[in-house]
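[1] Test case, fold it:
(4 chains)
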2 protein chains.
Amino acid sequence: MQIRALVASHGKRFKFCAVQDCLQRGAPVWFRRSTPAIQRNAPVSRIEKPADSEPARNPSRAGKPTLKTIAEMTGLAITTVSRALGNAPQISENTRRRVHEVAAEIGYLPDRAAQRLKTGRTNVISVLLDPHEEILGFGTSIMHGLARALQATPYHLIVTPNFLDGSNVDAVNYIIRNGMADGLIFSRTEPFDPRVRLLLENGFPFVTHGRTEFSTPHAFVDYDNYAFAYEATRRLIVKGRRKVTIILPPKRLTFHQHMLHGFMTAVREAGIAYEIPDTLDLDSPADMIRDYVRRRSGEPDPPDGFACPGEVSALATITGMSDQGFTLGAEYDIVAKQTSLLLSQIQPKVETIYEDLKAAGEAMGQLLLQRIAGEPVEDLTILQSPQFGFPTP
Amino acid sequence: MQIRALVASHGKRFKFCAVQDCLQRGAPVWFRRSTPAIQRNAPVSRIEKPADSEPARNPSRAGKPTLKTIAEMTGLAITTVSRALGNAPQISENTRRRVHEVAAEIGYLPDRAAQRLKTGRTNVISVLLDPHEEILGFGTSIMHGLARALQATPYHLIVTPNFLDGSNVDAVNYIIRNGMADGLIFSRTEPFDPRVRLLLENGFPFVTHGRTEFSTPHAFVDYDNYAFAYEATRRLIVKGRRKVTIILPPKRLTFHQHMLHGFMTAVREAGIAYEIPDTLDLDSPADMIRDYVRRRSGEPDPPDGFACPGEVSALATITGMSDQGFTLGAEYDIVAKQTSLLLSQIQPKVETIYEDLKAAGEAMGQLLLQRIAGEPVEDLTILQSPQFGFPTP
DNA sequence: CCGCAAATTTACAACGTTTTAAATTGGCGC
DNA sequence: GCGCCAATTTAAAACGTTGTAAATTTGCGG
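    Got it, this is the predicted structure:
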């Protein structure tokens, strides 16, 4: 057993000889500064464990290579290794390459916790999942896309579910306050969405799925629901339908207005009859939509053209109508928004207009990365056009 | 400006007077150990910045309260504060309460990165999302449940999507090797699932959705698919169907066998005719299932009872049958597994047996927490019974 | 008032990384 | 050989927390 280091204060029991000894072997000697307030220090002398007894490391990461490992292997300093891996400009090409080689060889990966602690950046993107999302895999489509966008980056995707206690705003506030992520993604925006307001006020990077009406610009990806509603309605009219209707999203959401506008524009251009159910919206349970359609189609002057901005509402409409004996494509038509493959696979007679949610997710991820990198938000807006390329029978 | 600290080696330009001075004021003097290989050290003397110039803190967490903040406010040591917040036994009730009060007042939350770095625990639960999950919100149901289970814990839920490059096993390996999480959750197990093998070998905590056939036990939550298939088939028989069929999950998955077993047991007990499509499984796209059903029902001696272990397959079956002019409930019957509200809302004539995925998610979360806490895995297995409480018309 | 044990509080180091500021090296002109 | 500049490498401190081991305070019997 060998004395490797020694700590001493300048108190009574100062062991001069030990210090001398350490100095000769190049071991560090520590003169401890006394506590400012009270002079408490009693003399200390500490002896390190012998070199062969490894300090008990945290078992969960035993043997995990760190910068220190590479430093020892290459004979460089930890700083240099860090620099080399970060491709810092002042590192010579030679050592840069060598460090990279060794790192790859031993499978080094930087410790996220340490990086996060040091830099304050979390390398985390958080998605606020809303329980009211269209059940047909909205969440997973967006996630697919996000995952793809973050694939080659150091970012991880963490899900902050809204479903539970606390409102959306609380979740956002929590994330801002505690620096739980570097950026945020969420959907179903309102014109003056309180989440957006909060994030804007705090300068926190985020991308929404859906627009707002704040004068301050922010990054968003949105689907052109005006175009969808206009086109869907127009197609119903072209098919010769006499009275059209649309199931709109809840009034408080921004895209309610967009859809309404598209629908009304097409209706007015054609001068056709229409009606808009007001006891019902896209968030209503499928059986409620089904029952409404069934009841309404049994009453006088029912609509015969349905614009359905969701697959579930389309299926519910079909069921309600067929309960009354109406045949899709003959006595009535549906043009629906399609976000998964399900609807067209199940019921090919429904005409669909596609919204690519996976692409939306990917775009949101990319925009968020750009936003975090500091690009001006004015450039970070995407309006997805409906794809009109589907065959019209 | 005041000299507060000084670093010196025992090289030529050793400034003895400066050291003396430091000693007298209680400032630390550092005898730097020379680099082992080459004796490089030249003497150094450093002067600290004046105390009034605040060190430039990371802007992203400016003002965020830390243990130090509380320590300064209460006049206690950082260690004591940490202890008090951790409710360590050796802290007096008095200071414990005071620290908790101050912490609550200033809204202190521990820095996850620092905790993680120090303790090696990540406080993260990772979910492996599989792209082949039933599209109808399997992922989100599980996530709901998990979120609820982790609600009052320090754990966060992070999604490691499988969808992209790399197999399941690679993702698991990555998580183990780099300590990205304290526990793992995934589904769709195979009898000798390589992910399970890997995790068992490394003693990494995990809970699967689905069983395996390893002799080493592990934590799982599974749905009793034997009971489902048996009960579904029995109901078809009770309804007077003459020939039953079932769309099974892919052969490599463990629950393929369970379902097959349940189905065959019911069939054999009743001595009824049956058939099992072998070009088709639950992962087949809906249109493929629909086309198969349509074709088969046009051929001689078609089945008139369908056990559908998924809502999509049920919808596809209905479409295929109605394309041939068959009426559900009259000429044929379906008993389907229901995991969302969609199917029964859209098509109430389908008889359903419920699988509560949200409850499964919550159970998996709880089991995983217990597993991490070190409870024996033998006790951490749950077999969910089908709920037979749904009205049979 | 002393000694001693128990109760409570404390300093220090460490986790693995990045940042700052400084030291070292090499080259070049004299 | 010296001084100087640029290129490269370096030590030390810091991020906020917890574990270890020690110091300090308190209480109590004499």
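
[2] Measure how buried A:Gly329 is and give me the count.
    Neighbours of A:Gly329 under the rule other CB atoms under 10 Å in any protein chain shown: 13. Heads up, the C-betas are built off the backbone N, CA and C, glycines and all.

[3] before we move on, what about A:Asn94?
    Residues contacting A:Asn94 under the criterion other CB under 10 Å number 9.

[4] Could you check the pLDDT of it?
    Looking at A:Asn94, its pLDDT is 90.

[5] Quick check: which element contains it?
    According to DSSP states H and E, A:Asn94 maps onto helix A:93-106.

[6] can you give me how far that helix is from the chain middle?
    34 Å (CA atoms, centre = their mean, to the nearest Å).

[7] Alpha carbons of it, as CSV, please.
    Output in CSV follows, covering the C-alpha atoms of helix A:93-106 (Å, rounded to 0.1, in the frame of the first residue of the first chain):
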residue,chain,number,x,y,z
GLU,A,93,-5.9,16.5,-38.4
ASN,A,94,-3.6,13.8,-37.2
THR,A,95,-4.9,13.5,-33.6
ARG,A,96,-8.4,14.1,-34.7
ARG,A,97,-8.3,11.0,-36.9
ARG,A,98,-6.6,9.0,-34.3
VAL,A,99,-9.1,9.9,-31.6
HIS,A,100,-12.0,9.1,-33.8
GLU,A,101,-10.5,5.8,-34.7
VAL,A,102,-10.0,4.8,-31.1
ALA,A,103,-13.5,6.1,-30.1
ALA,A,104,-15.1,4.0,-32.8
GLU,A,105,-13.1,1.0,-31.9
ILE,A,106,-14.1,0.9,-28.3
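
[8] who's in contact with the nearest residue in space to A:Gly298 that is not next to it in sequence?
    In space, and not counting its chain neighbours, A:Gly298 is closest to A:Gln324: 5.7 Å by CB to CB, 6 or more residues apart in numbering or on different chains. Residues near A:Gln324 by CB atoms under 8 Å, 6 or more residues apart in numbering or on different chains: A:Arg294, A:Ser297, A:Gly298.

[9] Next step: the residues you listed restricted to strands.
    Of these, none are assigned to strands by DSSP state E.

[10] So if we follow the domain assignment, how does chain A break up?
    Per automatic domain parsing, the structural domains of chain A span A:1-56, A:63-110, A:119-223+A:359-384, A:225-354.

[11] per-stretch mean pLDDT over those domains, give me the minimum one.
    domain A:1-56 (a mean of 30).

[12] Bridged to the residue nearest the centre of chain A, which residues?
    Per CA atoms, centre = their mean, the C-alpha nearest to the average position across chain A is that of A:Val127, at 3.4 Å. Per DSSP bridges, the residues bridged to A:Val127 are A:Val159, A:Ile185.

[13] hang on, the earlier thing: now which of the contacts of A:Gln324 would you call buried?
    Buried by 16 or more other CB atoms under 10 Å in any protein chain shown: A:Arg294, A:Ser297, out of those.

[14] Turn the contacts of A:Gln324 into CSV, including distance to DNA strand D.
    Converted to CSV, the contacts of A:Gln324 look like this (distance: CB to the nearest atom of the strand, whole Å):
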residue, distance to DNA strand D
A:Arg294, 58
A:Ser297, 62
A:Gly298, 64
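
[15] what's the closest of the contacts of A:Gln324 to chain B?
    When the contacts of A:Gln324 are compared for distance to chain B (CB to the nearest CB), A:Arg294 wins out at 11.6 Å.

[16] Could you verify my assumption that the closest one touches A:Asp323?
    Yes. Counting by CB atoms under 8 Å, A:Asp323 is a contact partner of A:Arg294 at 4.8 Å.

[17] which residues in the stretch 1-150 of chain A form strands?
    Taking DSSP state E, counting those that start in this stretch as the test, the strands found in the stretch 1-150 of chain A are A:6-8, A:29-31, A:124-129.

[18] swap that for the stretch 201-350 of chain A, please
    Assigned by DSSP E, counting those that start in this stretch, the stretch 201-350 of chain A shows strands spanning A:206-209, A:220-223, A:243-246, A:273-275, A:305-308, A:333-338.

[19] CA atoms only for the fifth one, dumped as PDB, please.
    If I follow you right, that is strand A:305-308. Written as PDB, here are the backbone C-alpha positions of strand A:305-308 (Å, rounded to 0.1, in the frame of the first residue of the first chain):
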ATOM      1  CA  GLY A 305     -73.300  14.800 -49.900                       C
ATOM      2  CA  PHE A 306     -71.000  14.400 -46.900                       C
ATOM      3  CA  ALA A 307     -67.600  16.000 -46.400                       C
ATOM      4  CA  CYS A 308     -65.900  14.000 -43.600                       C
END
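
[20] And the contacts of that strand?
    Against strand A:305-308 from outside (CB under 8 Å, 6+ apart): A:229, A:232-233, A:236-237, A:239, A:241-247, A:263, A:293, A:314, A:317, A:332-337.

[21] hmm, try it at 7 Å
    With CB atoms under 7 Å, 6 or more residues apart in numbering or on different chains as the test, strand A:305-308 has contacts from A:229, A:232-233, A:236, A:241, A:243-247, A:263, A:314, A:317, A:332-337.

[22] Okay, A:Gln366 and A:Leu380: tell me how far apart.
    Applying CB to CB, to the nearest Å, the value for A:Gln366 to A:Leu380 is 9 Å.

[23] again, but for A:Gln151
    Distance of A:Gln151 to A:Leu380, given as CB to CB: 20 Å.

[24] quick one: which of those two has more around it?
    A:Leu380 (21 against 15).

[25] The more buried one is in contact with A:Leu367, isn't it?
    Yes. Assessed by CB atoms under 7 Å, A:Leu380 is found in contact with A:Leu367 at 4.6 Å.

[26] what about A:Phe204, how many residues close to it?
    Using other CB under 10 Å, A:Phe204 is surrounded by 18 other residues.
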